[in-house]
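> only geometry, no sequence info:
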């Protein structure tokens, strides 16, 4: 499956502009597809914001270090922002075919075998990332019940852990959308 969609970012309106140059095989009224797209676009905007904040914090801390002590807890905050950046961008990257996909061997198979193998791999991925989201959510609840806080700034970070499970849910929804698209492509 190739991606024939161009996505641009309009900085003035801070919104994503999508151009479909090829008619997609989906109905424009499909609620699941729309929800998946909007959720992952929203998470991608949060990921981009977290990346920007991480960069600004590192630069500001480097400049501040010249004149006085560094900002306390910078390493913790940058780590959390890095996790949010990575996890929240997963679904959007999956929707836009940004992950590495090696198909040298797969393209030698008949089209039906390609679809079947691709579907099986996507189902396994969806199961794995669903379990990851569930375990991350449970871990966040355990952090909350145990009252665990960060070492340096004493911040209770269980909300970030619980919210990170939403990033994996966005990825699972994107994978499920891809499975549907694989089989709708033939019809």
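Arrived safely. What you see is a predicted model; the values in this text were computed from it and never measured.

> Phi first, then psi, for residue 101.
Main-chain dihedrals, residue 101, degrees, to the nearest 10: phi -130, psi 110.

> Could you measure from it over to residue 168?
Residue 101 sits 19 Å away from residue 168, going by Cβ to Cβ, to the nearest Å. From N, CA and C alone the C-beta is placed, and that goes for glycine too.

> So the two - more neighbours on which side?
Taking neighbours as other Cβ atoms under 10 Å, residue 101 and residue 168 compare with residue 168 leading, 23 against 10.

> Quick one: the strands in this protein, in order.
Secondary structure of the chain (DSSP state E): strands at 5-10, 15-20.

> what's near enough to touch residue 150?
73, 76, 156, 157 (Cβ atoms under 8 Å, 6 or more residues apart in numbering).

> which among the residues you listed end up buried?
Burial by neighbour count, 16 or more other Cβ atoms under 10 Å: within the contacts of residue 150 this picks out 73, 157.

> what number of residues lie near the closest residue to residue 99 other than its chain neighbours?
Using Cβ to Cβ, 6 or more residues apart in numbering and skipping the chain neighbours, the partner closest in space to residue 99 is residue 93 (5.7 Å). Residues near residue 93, counting by other Cβ under 10 Å, number 16.

> go on, the one 10 residues further on?
The criterion is other Cβ under 10 Å. On that basis, residue 103 has 12 neighbouring residues.
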